[in-house]
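> sequence first, predicted model second:
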Amino acid sequence: MTQRLASGFLSASLLLGASHSHAQTTAMTAPVGIVEVPIAANAYTFVGIPLYTTITYQGIVNSVSGAIVSVSGTPFASLSMTTVAIGTEQVPRFFLELTSGTDVGAMIPILSNDSSSVTLSESVASYIATNDTIKIRPLHTLDSLFPGGAPLKTGVSVAAADEVFIYDATRQAALSYFYHSTQNGWRRGSTANGNRPILPHQSIYINHKAAATTLRFSGAVKMGTTGIDIIRGYNFVPNPFPVAYSLSLSNLFTGDANTGMKAGVSSAAADLVTIYGGSGAPKTYFYHSASGQWRTGTTNSNSVVIPVGGSLLIHRKADPAFTWAKTQPF
């Protein structure tokens, strides 16, 4: 595998365009967009970030050794992709996306680099091979998504300010951050957290303590297949595309419990997915094995939509973990 609540609701509008983004090896035209997410007044809003950062590098793998992926030439000579310290942690700033091969869509954090290679957070020799294609991008951070804390309420304490929660499935916990108005930075407790990354498989939710506002994201549209790991327990993950699509087209259910959600004759027997976003209250669904339908209760829910900017809380009730592999729906 790779990648290695209160009720507030969102809807999102998307404006798309195109821009020329120059990779290290080839030129390409990548669509860019803006997503505007309404933030409810004095409530929780759940947000799956549907736009990515601009591609830093796109090319072909020359060789793989354990966690080290090498490319031809020296395209990283002027780049620093090392981790950054937050308190006692070392957190990544970039990630590698595999765009071909046996585990297409995998996204792995980068720990360091030299002029022609990157060292990843895990050994990838079993699923990345010579001549596979890759992309490298910076990760979103609290500073990049909310510069100066905007448009959220800032304050001198977490009690006074809005909170942004980032859910970490490996800890089975959400951690809270706020923007300190006099120290001019994101904090968890007294520790600066402006460089705190939001990984591609993580969603966020916001405890907004003021009048309604609008959160605006800008960035690149995700192309190709996206792979998001789902582990045993609760996983709070985004719709990775700036397009809405139905549960029946989500590929969350594949017919194989090793590669998708487990079906069952009841919600007690099956894996569960709760959809946050859109105009209504969050609802929980499961795949009904006898009828071959997505359901909430006894209601056919095949056409229920995962919205732009939406988040999914997936309850995986047993091992093994699986990768939710979803090809771009446009």
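Right, received. Where do you want to start?
> all contacts plus neighbour counts: C-alpha atoms, from now on.
OK.
> Cys81 touches Ser115, doesn't it?
Actually, residue 81 is Met rather than Cys. No - using CA atoms under 8 Å, Met81 is not in contact with Ser115; the gap is 10.5 Å.
> compare the two and say which is more crowded by neighbours.
Taking neighbours as other CA atoms under 10 Å, Met81 and Ser115 compare with Met81 leading, 21 against 16.
> and that one, what helix or strand is that in?
For Met81, there is no enclosing helix or strand under DSSP states H and E.
> distance check, it against Tyr127.
Counting by CA to CA, to the nearest Å, the gap from Met81 to Tyr127 is 22 Å.
> next one: Val32
For Val32 relative to Tyr127 (CA to CA), the value is 30 Å.
> in the stretch 1-150 of the chain, where is pLDDT below threshold?
For the stretch 1-150 of the chain, residues meeting the criterion pLDDT under 70 lie at 1-30.
> what about the strands in it?
With DSSP state E, counting those that start in this stretch as the criterion, the stretch 1-150 of the chain has strands at 13-22, 27-39, 43-47, 51-52, 57-65, 68-71, 84-86, 89-91, 94-98, 107-113, 117-120, 133-138, 140-141.
> SS state for the closest residue to Thr323 other than its chain neighbours?
Ranked by CA to CA, 6 or more residues apart in numbering and with sequence neighbours excluded, the top spatial neighbour of Thr323 is Asp229, at 4.3 Å. Following DSSP: H, G, I helix; E, B strand; the rest coil, Asp229 is assigned to strand.
> can you give me the neighbour number for Asp229?
Number of residues near Asp229 (other CA under 10 Å) recorded here: 20.
> in this structure it contacts Trp324, no?
Yes - using CA under 8 Å, Asp229 makes contact with Trp324 at a distance of 6.1 Å.
> can you confirm Ser248 is in a helix?
Yes - counting by three-state DSSP, Ser248 falls inside a helix.
> sticking with the spatially closest residue to it that is not a sequence neighbour, tell me its helix or strand.
Nearest residue to Ser248, sequence neighbours excluded (CA to CA, 6+ apart): Asn302, at 4.9 Å. Using DSSP H and E, Asn302 is not contained in any helix or strand.
> Ile86 versus Gly278, what's the distance?
For Gly278, the distance to Ile86 - CA to CA - is 34 Å.
> those two - which one has more neighbours?
Using other CA under 10 Å as the criterion, Gly278 and Ile86 rank with Gly278 on top: 19 against 14.
> residues in contact with the spatially closest residue to Phe46 that is not a sequence neighbour?
Once flanking residues are discounted, Phe46 sits nearest to Tyr205: 4.2 Å by CA to CA, 6+ apart. Applying CA atoms under 8 Å, 6 or more residues apart in numbering, one finds that Tyr205 lies in contact with Tyr44, Thr45, Phe46, Val47, Val164, Phe165, Ile166.
> how close does Tyr205 sit to Pro238?
Applying CA to CA to Tyr205 and Pro238 gives a distance of 11 Å.
> now do the shared contacts for these two.
Val47.
> ok, Met328 to Ala321 distance?
For residue 328 the amino acid is Gln, not Met. Distance from Gln328 to Ala321, by CA to CA: 22 Å.
> of these two, which one has the most company?
Taking other CA under 10 Å, Gln328 and Ala321 do not tie; Ala321 has more neighbours (19 against 15).
> that one contacts Lys262, doesn't it?
No - applying CA under 8 Å, one finds Ala321 not in contact with Lys262, separated by 11.0 Å.
> circling back to that earlier point, what number of residues lie near the residue nearest to Ser248?
There are 18 residues near Asn302, going by other CA under 10 Å.
> could I get the full set of helices for the protein?
Per DSSP state H, the chain carries helices over the ranges 142-145.
> okay, domains of it per the record?
Domain assignment for the chain, taken from automatic domain parsing, gives 57-138, 226-327.
> Lys153 is nearest to which of those domains?
Closest approach to Lys153 among these (CA to CA): domain 226-327, 20.9 Å.
> mind checking pLDDT for Gly277?
pLDDT recorded at Gly277 is 85.
> quick one: it from Leu313, how far?
Distance from Gly277 to Leu313, by CA to CA: 11 Å.
> between the two, which one's more packed in?
Shown here are Gly277 and Leu313; by other CA under 10 Å, Gly277 has more neighbours (27 against 18).
> I figured Asn131 hits Val64, correct?
No - using CA under 8 Å, Asn131 is not in contact with Val64; the gap is 10.1 Å.
> more neighbours, the two?
Val64 (20 against 14).
> hmm, the more buried one is touching Ile128, no?
Yes - using CA under 8 Å, Val64 is in contact with Ile128, at 7.1 Å.
> which one in this protein is furthest away from the centre?
The centre of the chain is farthest from one residue, Ala290, which by CA atoms, centre = their mean lies 32.2 Å away.
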